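Sequence first, then the predicted structure:
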Amino acid sequence: MTLLIEKDYGTPASKSDEMVTLKIDGEEITVPAGTSVMRAAAEAGIAIPKLCATDSLDAFGSCRLCVCKIDGKRGTPASCTTPVEAGMAVTTEDDQIKKIRRGVMELYLSDHPVDAMAQPGGKESEFFKMVEEVGVTSVPYGLAGANHLDAEIDATNPYFVFDESKCILCSRCVRACSETQGTFALTVEGRGFKSKISASMDETFMESECVSCGACVQACPTTSLQEKSVIEQGMPDRTVLTTCAYCGVGCSFKAELKGEEVIRMVPWKDGKANHGHSCVKGRFAFGYATHRDRITEPMIRENITDAWRTVSWEEAYKFSADRLKAAQAKYGVKAIGGITSSRCTNEEVWVVQRLIRQAFGNNNVDTCARVCHSPTGYGLKQTFGESAGTQNFDSVEHADCILVIGSNPTDAHPVFGSQMKRRLREGAKLIVADPRAIDLVQSPHIKAEYHLQLQPGTNVALINGLAHVAAKEGLLDEDFISARTEMDSYREWKAQILDDANSPENVSKITGVPVDDIINAARMFATEKNSAIYYGLGVTEHSQGSTMVMGMANLAMATGNIGRPGVGVNPMRGQNNVQGSCDMGSFPHELSGYRPVGDDAARGLFERKWGSELDPVPGYRIPNMFDEAIGGNYKGMYIQGEDVAQSDPNIQHVEAALKALDILIVQDLFLNETARFAHVFLPGTSFLEKDGTFINAERRINRVRPVMDPITGKHEWEVTQDLGRALGIDMGFSSSSEIMDEIADLTPQFANVSFDVLDAAGSLQWPVNDELPDGAEIMHVGEFTRGKGKFVPTEYVPTPERTNRRFPLILTTGRILSQYNVGAQTRRTENNLWWEEDVLEIHPSDAEAQGIQDGQWVSLKSRKGEISLRAKHSSRMAPGVVYTTFHHPDTGANVVTTDNVDWATSCPEYKVTAVAVAPANHKSDWQQDYQEQLSEYRKIEEPAE
């Protein structure tokens, strides 16, 4: 399509149900009460000039371009700040109004660079469009006298420039930073002629608190704030709508291109997950898609010590198929398997799980959700009957109390984090349960009522303690319980929860959280009208991850906080399509739609469709695959878009397993850590080349549209299908839309989904079927998917990982805003300027006890391994707890993590590792070995022709 310019109505829409009728320029118009005159006019197709007004921000009324006249009222009020009234008669233009507007624009132009219109984006800017609309052709004041034309340009940010000489002080950037993003990094400094936009305390953008979300750039009506890509390459001329490939928020974007080159990614206002907002990753960090490190041709090698050899697709397929068949011939049908990707589309994931079930002849398929959110699937399925979150993101706007536990929204899900902060600034109360003082605990205009700074590994004790207080004090919603849940299960749960083991006094001893905080937080959650739970990997990545998910579900049911806006149990999914990869049947025990492989009726649907008999026995989970490989029984693996050699726990164990394989096929963008052990590399495609769908954390099915042709020459699903042909099956797809049609045919939750339906609707939240043709924004309304909700007793069982004199501290891990997951994408962008290495956050008292200076290299040692990294003194940490990220492979954070797993799902316990920290002056043995191996690998990674 041509460049998509979204209509700007000037002010936000009113949410009132009351309607008001008025006349604007003689035309009768009916709009909701509270609508501004400007918006009412815009909805009627009457454009009123404006500069400070935009419909993503509250009305401000400073530019004076939008003046109007109202019968019976004096003067010329601003139409953006004037609400409609019944019977009002408005005039939007006459000679006096035109004269006022020309005067305003002449004053602006008198202190504006004369060549601004000729610069990239100048004539397309709102400012010069208003110059033309108002009809200014000259500046009567001349250009002499004091001005701001020599103001210094701030180009410190890697992605955009601030040119103060073009600034008209409309404050849209300031308001976007506060209202939309919630960082409050920008302000108007000074008075009168000396007024200027300032980042933090008159710092550069790069030095300031700015998080580079791009909201200010998007809001700027001049080119004062502008993307460097536009300055360097010119304005884009066409748009493709697509979906971000980073976190589980699933932001919709306008990919704006000039010819075939992506100039910028602009968040789409109609995106139902992001409403026109973005973060630094989705907005700016897309350059990895065309990075020089991309592998674009298939490669093979006999042994992992050999040099890579570039080959044709056909040779790569034959080599792969021959080795896979040989492994099965020697070791049996279950000797091979694969892992699907949470970064690929549903359609790409579908063909991989189909390849494994149909061509491999087993259920040895798993996905990265195994090591992140598999407890979510298990716990919510047991209690509610559906393995997914209960709400849409907009639900948070109705929450009165928000419990954030084991999640860091402002870093890991920043666009939703901004939406949550807006609700908190409006008055919602906040409880944060986290070993670390995340930004939400206290940031501008936000302060949590309670920070429950619990010890890692004690989540279940805490949730039981909150439930105990609510039950003991009679704060449960008995009407909801009796109407919506299984009473036998409720009685069993209540008896367990009222045990003295769950009393706040005992829970305080276990968690370290003060008794009064437990009691008061429980009362707040149970008594507010709408209380919602938002959780992340700090809940699931524990030996009791599944227990904790069921504990949160129990608390939500017991307090009646399910089945309406503002409540719910909301898992914050980590990767862009982790929900979708699970929905597609990537687990070894389940087909798509979470139906057991042993269910004859469900499996029969697939057998008839595919024309193959399928294995009714569950396959290996990822940890089983590694164990069986080391044991000599599992010899072949196809890994789609996952870097298990960096992301999975106890890396030395993973590496040993990968080395033991006879055939490892890696399908990815780059030669990642896992590819060091591969025999076949099949190049994948970036999100800019994909045609398909992602499903975000709120079950939203979003279209991903190709911005450019695959630079590999093949769509990723085609590669998998071609490999299937080499193994003797033909899936017969000719497009990704046909794959979605098969998904819909075989999966009840997607029965009415198609590309055409999604293109018409924009996006839909599953289930989408005859009963719910428009999807379900809120789940479990009226009744649960399973009928009656089921309470499950949740006994606290301490993690087997304990501190002692040798390992006195607990390590927990997480993410940072600028980097993403294993860093394969963001490390190939300018985002490295913010986070160029993983560091160890340590409380100053712990650092002092060990003689560790801020910034000093330290050894981090566990029972599993040892690494070295820099220490960072941080009062965010509780004494006794340290924290690091895992974005850089040379750090090897997962060298030290344990092989403890969740009892139900085998999800690794990344969040609890007993460690010792001490000053160090060299890299660890593992890191030195890694560097040596990497050096040798780089000698052979350049393929021969």
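That came in fine, so what should we check first?

Next up, the contacts around the residue nearest in space to the middle of the chain.
Residue closest to the mean C-alpha point of the chain, counted by C-alpha atoms, centre = their mean, is residue 247 at 2.4 Å. Residues in contact with residue 247 (C-beta atoms under 8 Å, 6 or more residues apart in numbering) are 281, 412-414, 573-576, 820. Quick note: C-beta positions are derived from backbone N, CA and C, even for glycine.

Out of the residues you listed, name the ones that lie in strands.
Among the contacts of residue 247, DSSP state E puts none in strands.

Next step: those residues restricted to helices.
If you go by DSSP state H, these have 281, 412, 414 in helices.

Pull out the CA atoms of stretch 747-763 and give them to me as CSV.
The C-alpha trace of stretch 747-763 is given here as CSV (Å, rounded to 0.1, in the frame of the first residue of the first chain):
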residue,chain,number,x,y,z
THR,A,747,-8.1,-26.9,16.3
PRO,A,748,-11.4,-26.0,18.0
GLN,A,749,-10.2,-22.7,19.4
PHE,A,750,-9.3,-21.5,15.9
ALA,A,751,-12.3,-23.0,14.0
ASN,A,752,-13.3,-19.7,12.4
VAL,A,753,-9.9,-18.2,11.9
SER,A,754,-8.4,-17.4,8.5
PHE,A,755,-6.2,-14.7,7.0
ASP,A,756,-9.2,-13.1,5.5
VAL,A,757,-11.0,-12.9,8.8
LEU,A,758,-8.0,-11.5,10.6
ASP,A,759,-7.3,-9.0,7.8
ALA,A,760,-10.9,-7.7,8.1
ALA,A,761,-10.9,-7.7,12.0
GLY,A,762,-7.4,-6.4,12.5
SER,A,763,-6.9,-9.1,15.2
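
Low-confidence ranges, the chain, go.
Applying pLDDT under 70 to the chain flags the ranges 1, 142-143, 937-945.

Check it for its longest helix and report it.
Using DSSP H, we find that the single longest helix of the chain is helix 313-331.

quick one: buried residues of that one?
For helix 313-331, burial by neighbour count (16 or more other C-beta atoms under 10 Å) applies to 313, 316-317, 319-321, 323-328, 331.

which two in the residues you listed are spaced the farthest apart?
Spanning the widest gap among these are 313 and 331, at 27.1 Å by C-beta to C-beta.

For the stretch 801-945 of the chain, which segments count as strands?
Ranges of strands in the stretch 801-945 of the chain, per DSSP state E, counting those that start in this stretch, are 809-814, 839-842, 857-861, 866-873, 881-885, 913-919.

can you put these in JSON lines and add distance to residue 9 and mean neighbour count?
Shown next, in JSON lines, are the strands of the stretch 801-945 of the chain (distance: least, C-beta to C-beta, whole Å; neighbours: other C-beta atoms under 10 Å):
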{"stretch": "strand 809-814", "distance to residue 9": "39", "mean neighbour count": "23"}
{"stretch": "strand 839-842", "distance to residue 9": "45", "mean neighbour count": "24"}
{"stretch": "strand 857-861", "distance to residue 9": "53", "mean neighbour count": "22"}
{"stretch": "strand 866-873", "distance to residue 9": "46", "mean neighbour count": "21"}
{"stretch": "strand 881-885", "distance to residue 9": "41", "mean neighbour count": "23"}
{"stretch": "strand 913-919", "distance to residue 9": "52", "mean neighbour count": "20"}
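
Of these, which is nearest residue 683?
Ranking the strands of the stretch 801-945 of the chain by proximity to residue 683 (C-beta to C-beta) places strand 881-885 first, at 28.0 Å.

What strands flank that closest one, and is each parallel or antiparallel?
With DSSP bridges as the test, strand 881-885 is paired with strand 809-814 (parallel), strand 839-842 (antiparallel).

Columns distance to residue 772 on top of these, output as a markdown table?
Formatted as a markdown table, these follow (distance: least, C-beta to C-beta, whole Å):
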| stretch | distance to residue 772 |
| --- | --- |
| strand 809-814 | 36 |
| strand 839-842 | 45 |
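
nearest to residue 401, of the ones you listed?
strand 809-814 (24.0 Å).

What lies in contact with the closest one?
When contacts are defined by C-beta under 8 Å, 6+ apart, strand 809-814 is touched by residues 408, 411-412, 435-436, 455-457, 537-538, 803, 846, 860, 862, 880-886, 893, 896-897, 910-917.

packing partners for the strand or helix carrying residue 461?
Element membership for residue 461, per DSSP states H and E: helix 459-472. Using 3 or more C-beta pairs under 8 Å, 6 or more residues apart in numbering; DSSP states H and E, the elements in contact with helix 459-472 are helix 487-497, helix 504-511, helix 515-527, helix 545-558.

Redo the strands of the stretch 801-945 of the chain as CSV? Include distance to residue 652.
Formatted as CSV, the strands of the stretch 801-945 of the chain follow (distance: least, C-beta to C-beta, whole Å):
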stretch, distance to residue 652
strand 809-814, 17
strand 839-842, 20
strand 857-861, 14
strand 866-873, 11
strand 881-885, 18
strand 913-919, 14
